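Chemist: this one's structure only:
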């Protein structure tokens, strides 16, 4: 007796994809879990929309009196002193100066650490070194800030006696150490995700271990590595406590890391301490600065997600 073929009358044909399609929730308990999960996701969306709405509503009162061109292109930031000026470029300059200094430390050191852990370290060494590096991510930022003022700045002043107590270099060094675990961990994950067949093919044509790491694995993992770089720089730009304690409160257009600067986050902290009455025009500058900072970090996060998506697509 011949077996019935798929699609015959005795054995109805079933689409294999239908077995993978989600089934509706059955039972009160399962529906409750689905509702809780949906509520958690909706809460995060509502919170984000609320933050954006507050930033926009408060910033509109600021931009009703200050031209966006003056705000974005002005080179003097003095919202409290007469004559008042609202050029945001000095705060952007200080923010990018600290972030660039931190990147010069964290990106090469983090990438080198990731290459070592992914390609050269033994399993035992990796189990010890990687958690030890990630401990840095668990240290409170206020501890980093006091470390910058008490330890890093005196060391800098021993080499450069003219350096003040507050300077961009001290903040950049400590922020670089702070974002180092993010760079090394995410880059190591990207390198470990590179298929082993690429390594085996390189070894098969006589490549050395160093050549495989630098010419095969790192180029293959560049989208993931780039995403970790962008995400770490975004974290450095948004850092608050370290720059508030170590960088100073002197907005200015300078590229000298040994001078005092003020970042956007440090200014927000200054206003939040009560120097400007709530509801005043000076108080609204806080939301204008916060809106620009939000847009910068949002753009960097979207860029990192795009690069990470490209990395996943490369090996699917």
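Modeler: Structure received. None of these values were measured; they are calculated from a predicted model. Numbers count the residues shown, from 1 in each chain.
Chemist: quick one: residue 230 and residue 303 touch, right?
Modeler: Yes - with contacts counted by CB atoms under 8 Å, residue 230 reaches residue 303, the gap being 5.2 Å. Where C-beta positions appear, they are placed from N, C-alpha and C, glycine not excepted.
Chemist: quick one, which of those two is more surrounded?
Modeler: residue 230 (20 against 16; other CB atoms under 10 Å).
Chemist: in the helix or strand hosting that one, what's buried?
Modeler: Taking DSSP states H and E as the definition, residue 230 sits inside helix 222-238. Buried positions in helix 222-238, judged by neighbour count with 16 or more other CB atoms under 10 Å: 222-238.
Chemist: Contacts for it next, please.
Modeler: 95-96, 98-99, 102-103, 106-107, 110-111, 114, 175-176, 179, 182-183, 185-187, 189-191, 193, 218, 265, 293, 296-297, 300-301, 303-305, 307-308, 310-311, 314 (CB atoms under 8 Å, 6 or more residues apart in numbering).
Chemist: So for that helix, mean pLDDT?
Modeler: Averaging pLDDT along helix 222-238 gives 89.
Chemist: can you give me the mean pLDDT across the next helix or strand after that helix?
Modeler: Where DSSP H and E defines the elements, the next helix or strand beyond helix 222-238 is helix 241-246. If you average the pLDDT over helix 241-246, you get 91.
Chemist: Which strands and helices lie in contact with helix 241-246?
Modeler: With contacts taken as 3 or more CB pairs under 8 Å, 6 or more residues apart in numbering; DSSP states H and E, helix 241-246 sits against helix 89-115, helix 141-147, helix 168-192, helix 264-270.
Chemist: Which among these is found nearest to residue 133?
Modeler: Nearest to residue 133 among the helices and strands packed on helix 241-246 is helix 168-192; the distance by CB to CB comes to 5.3 Å.
Chemist: Quick check: buried residues in the helix or strand just after that closest one?
Modeler: As assigned by DSSP H and E, the chain's next helix or strand after helix 168-192 is helix 196-204. Neighbour counts over helix 196-204 (16+ other CB under 10 Å) mark 199, 202 as buried.
Chemist: Show me the contact partners of helix 196-204.
Modeler: Applying CB under 8 Å, 6+ apart, the external contacts of helix 196-204 come out as 211, 212, 215, 216, 217, 220.
Chemist: Could you dump those residues into CSV with distance to residue 60 added?
Modeler: Below are those laid out as CSV (distance: CB to CB, whole Å):
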residue, distance to residue 60
211, 57
212, 56
215, 53
216, 53
217, 50
220, 47
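Chemist: Among these, name the ones in helices.
Modeler: Counting by DSSP state H, the contacts of helix 196-204 place 211, 212, 220 in helices.
Chemist: Now the helix or strand where residue 72 lies: average pLDDT?
Modeler: In this structure, residue 72 sits in helix 68-73 according to DSSP H and E. Helix 68-73 comes out with an average pLDDT of 89.
Chemist: what packs against it?
Modeler: Counting by 3+ CB pairs under 8 Å, 6+ apart, helix 68-73 packs on no helix or strand.
Chemist: and the next element down the chain from it?
Modeler: Remark: after helix 68-73, the chain's next helix or strand is strand 77-78, criterion DSSP H and E.
Chemist: Rank the helices and strands of this structure by mean pLDDT and give me the bottom one.
Modeler: When each helix and strand of the chain is scored by mean pLDDT, DSSP states H and E, helix 281-314 comes last, with a mean of 82.
Chemist: Just the angle for that helix relative to helix 222-238, thanks.
Modeler: Relative orientation of helix 281-314 versus helix 222-238 (axes from the mean of the first three to the mean of the last three CA atoms, to 10 degrees): 170 degrees.
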